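> sequence first, then the predicted structure, then my questions.
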Amino acid sequence: MRYLGATRYLSLSMLAWGSITVGLAFVRNAQELLSVQFLLAYGFTHLDGTRGLNSWQWMFLLEGLPMIPLSIITCLFLSNIPDTVQWLNNSEKQLLTNLLRHDAGIANDENGRLSWRQAFYVFVDWRIYLYALIDIGILSVIKYINTYLPLLVEDMGNSKAEVHLMTAPPYVFAFVCCLL
């Protein structure tokens, strides 16, 4: 990110994500599709056969196509430095500039490069391992819910539509939490 800047890095990341997602719409068989491990949404099942595409192809197109123009808009309007942002007042710009200088001073040596000593510090910091352990615990639960909850609900004799409706609340709750 240091070489590209935040604007180009985020824009290129969004462009890559959008392009890859659109490309997933054109896989040829179930094995290729299963390799990316996804869940089909209930709403996309109604698009099956529309314009000659399957419902899963519509899902990838509708997820990926907005990312491509959004990456261009981000590149044009996102600023690399707080000094050029119009929606911040002068004190906020100064605060962000000071924080960025402080962070750069911690992470870099006097030449603006990351030293081997600083890179090694990442591997001996106990907080990084604690964060990794917490993340593994969270992702394990999420993976279990994503994989087995729909199967368990379906085994109780529910239709696919009912399964989608019954397994949606954790995702709705997570969405609301993200907004807060």
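Arrived safely.
> what ranges do the helices span in this protein?
For the chain, the helices defined by DSSP state H cover 6-24, 30-34, 55-64, 67-77, 90-107, 116-124, 126-155, 160-167, 169-179.
> and the angle from the fifth one to helix 116-124?
Pointing back at helix 90-107 there. Using axes from the mean of the first three to the mean of the last three Cα atoms, to 10 degrees, the inter-axis angle of helix 90-107 relative to helix 116-124 is 90 degrees.
> show me the domain layout of the protein.
Here the domain assignment for the chain is 1-80, 88-124, 126-180, based on automatic domain parsing.
> point out the most buried one among the helices of the chain.
helix 55-64 (a mean of 19; mean count of other Cβ atoms under 10 Å). (Glycine included, C-beta is placed from N, CA and C.)
> what about it, average pLDDT?
For helix 55-64, mean pLDDT is 75.
> now do it: distance to the chain's middle.
Centroid separation between helix 55-64 and its chain, computed with Cα atoms, centre = their mean, to the nearest Å, is 17 Å.
> now do stretch 127-143
In terms of Cα atoms, centre = their mean, the centre of stretch 127-143 is found 17 Å from the chain centre.
> low pLDDT regions in the chain?
Applying pLDDT under 70 to the chain picks out residues 1-4, 6, 9-10, 17, 20, 23, 30-47, 104-114.
> ok, 80 please
Along the chain, segments meeting pLDDT under 80 span 1-51, 55-56, 58-64, 78-81, 101-115, 117-119, 145, 180.
> returning to what we had before: generate TSV for the helices of the chain, with distance to residue 84 as supplementary columns.
Putting these into TSV (distance: least, Cβ to Cβ, whole Å) gives the following:
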stretch	distance to residue 84
helix 6-24	11
helix 30-34	44
helix 55-64	30
helix 67-77	11
helix 90-107	9
helix 116-124	29
helix 126-155	33
helix 160-167	45
helix 169-179	29
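> so for residue 83, which of those helices sits nearest?
Evaluated over the helices of the chain, closeness to residue 83 peaks at helix 90-107, with 5.8 Å, by Cβ to Cβ.
> against which helices or strands is that closest one packed?
In terms of contacts (3 or more Cβ pairs under 8 Å, 6 or more residues apart in numbering; DSSP states H and E), helix 90-107 is not packed against any helix or strand.
> how near is residue 174 to residue 168?
11 Å (Cβ to Cβ, to the nearest Å).
> same question for residue 72.
Distance from residue 72 to residue 168, by Cβ to Cβ: 33 Å.
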